[in-house]
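make a model of this:
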Amino acid sequence: MAVTEESHAGGIEVKVEPETRRFGLPSLRPMREPPLPARVREAIARQEDRSEQLIGWIQLAIVLTFALLYLITPKTSGPDAPFQPVPYILGTYLVLTLIRIVWSYRGRLPSWSLVFSSLFDIGLLMLLIWSFHLQYDQPPSFYLKAPTLLYVFIFIGLRALRFDPRFVLMTGLMGAVGWGLMILFVVASEDGEMMITRDYIEYMTANALLLGAEFDKIISILMVTTILSVALWRGRELLVRSVAEGIAAKELSRFFAPEVAKHIKGAKDTISAGEGQLRDAAVVFLDLRGFTPLVEQEPPARVMALLSEYQARVIPILQRHGGSIDKFLGDGVMASFGAAEPSSSYAADALRALQDVLIEAEAWQAERRAAGRAAPKVNGALTTGPVLFGAVGDDSRLEITVIGDAVNLSAKLEKHNKTSKTRALATSEAVSLARRQGYTGAAAIRDLRAETVEGVAEPMDLMVLAD
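I've put the predicted structure just below:
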């Protein structure tokens, strides 16, 4: 399924669309991928860059391993051999591998360099195998028995680390063509016709050429290449989807609190409207006093800058104390503690967060006044109680939210600050519960007994956290 997200004021809209499946084999042409945002393409390119760095280090490990084996193992040719190609081949490969590693860290490797690398790897391998008949002073058919041909599968496997079937196909085809040319060289040699045999025993025990056996090698190279390419073609689709969904999940966390995003990503089943969990939680409401008149007086750019500045100061404080940002209501901010994730100190955390927000708000106001800019007050309210954490909406649009009396009461208390001429209020039950949960700092500066709050039937005992 293809998932798209669409943000809105109260959360994020998730739309599920049918996925279009594509069948076919990859080609050497650039892979046709679905249109992707630039940031997704760049993320995939960074993954490919890291793959090329990994390939370079593995190549270095391979060449050093073979160099060590060459040094410590007995030589199969005598000291009077006319030609010793292995040290030169390994030395050349080592130098080019080091250049490749440095290049991969200094910048993005261009496609032509990857093509050249594959061509050079296979070409160098075939040159090494071809030189064996000179080293051992044997007819050309001698090198066709060399097990060194198996190294071609190492180079094919290396290209698979990039998750791009084009380069695997290219390397495999180069290996098959290279071995085909090696066979042609044997056939075209002076004794080529005499070397061809149909006797398998003669082929195995003498410098004879069995064409069927050599074609088997080419077919094996092509089959392995095809299988790996198909696997990588499927893997490439998964890589693109994974990167796209990873970026979407990262963007999702900007619309939701991290705890909510974690809940969505970790859900065992598809989240549906009407599902929820009842939890004891604390709710904090924040609001800018006098923001509406300010909107009418100030230019839009200044209003949005003020709002962004205010949110940038208070949101990190709420999150640092474990709060989940549930909603942005214009200049209002609603945060819950213990709703998205159960907590044994939700009330204490919420009270600490609100106290720190009030301190930060005073500093922010002072800075703005000193700069001659509008400096509205920040009001807040804190309540506790059972809340329902879950999804509301329908199949086309879902919103993860917190519902309950504690939410409604917190919003009403925040508005009551204007009536009581205070900056922050909390219910007596919330402050008492915070102390039982370990809060030891200064809390209320005075009590409001039997206070009448608009929209609440019964008088309430409140505590003033800031005037």
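
end to end on stretch 288-305, go ahead and measure it.
14 Å (C-alpha to C-alpha, to the nearest Å).

show residues contacting it.
The contact list for stretch 288-305, computed with C-beta atoms under 8 Å, 6 or more residues apart in numbering, reads 306-307, 310, 330-332, 373-374, 376-379, 417-418. The way it works is simple: take the backbone N, C-alpha and C, and place the C-beta from them, glycine included.

how far is it from where the chain is centred?
Computed by C-alpha atoms, centre = their mean, to the nearest Å, the chain-centroid distance of stretch 288-305 equals 38 Å.

about what we covered before: which one of the contacts of stretch 288-305 sits closest to residue 155?
residue 307 (57.7 Å; C-beta to C-beta).

with adjacent residues omitted, what lies nearest to that closest one?
In space, and not counting its chain neighbours, residue 307 is closest to residue 331: 6.2 Å by C-beta to C-beta, 6 or more residues apart in numbering.

give the contact list for that neighbour.
Taking C-beta under 8 Å, 6+ apart, one finds 287-288, 291, 307, 310 in contact with residue 331.

and which of those residues is nearest residue 243?
Using C-beta to C-beta, the contacts of residue 331 come closest to residue 243 at residue 307, 32.8 Å.

where does that closest one land on pLDDT?
For residue 307, the model assigns a pLDDT of 82.

sorry, back to before: among the contacts of stretch 288-305, which are in strands?
332, 378-379 (DSSP state E).

give me the buried subset of the residues you listed.
378-379 (16 or more other C-beta atoms under 10 Å).

residue 279 and residue 338, how far apart?
Residue 279 is 6 Å from residue 338, where distance means C-beta to C-beta, to the nearest Å.

what sits against residue 465?
Neighbours of residue 465 in contact, by C-beta under 8 Å, 6+ apart: 354-355, 358, 380, 382, 422-426, 443-445.

returning to that earlier point: quick one: which of the contacts of residue 331 is nearest to residue 179?
Nearest to residue 179 out of these is residue 307 (C-beta to C-beta; 68.5 Å).

as TSV, the ones in strands among the contacts of stretch 288-305 with pLDDT would be great.
TSV is the format used below for these (pLDDT from 0 to 100):
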residue	pLDDT
332	82
378	86
379	87
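
ranges for the strands of the stretch 101-250 of the chain?
Counting by DSSP state E, counting those that start in this stretch, one finds no strands in the stretch 101-250 of the chain.

contacts for stretch 414-423 next, please.
Stretch 414-423 is contacted from outside by 285-287, 289, 332, 358, 377-381, 424-425, 448, 451, 453-454, 462, 464-467, using C-beta under 8 Å, 6+ apart.

swap that for stretch 147-154, please
Against stretch 147-154 from outside (C-beta under 8 Å, 6+ apart): 62, 122, 125, 128-129, 132, 175, 178-179, 217, 221, 224.

what's the answer for stretch 115-133, then?
Outside stretch 115-133, the residues that reach it (C-beta under 8 Å, 6+ apart) are 83, 85-86, 89, 92-93, 96, 100, 138-143, 146, 148-149, 151-152, 155, 158-159, 167, 170-171, 174-175, 178-179, 181-182, 185.
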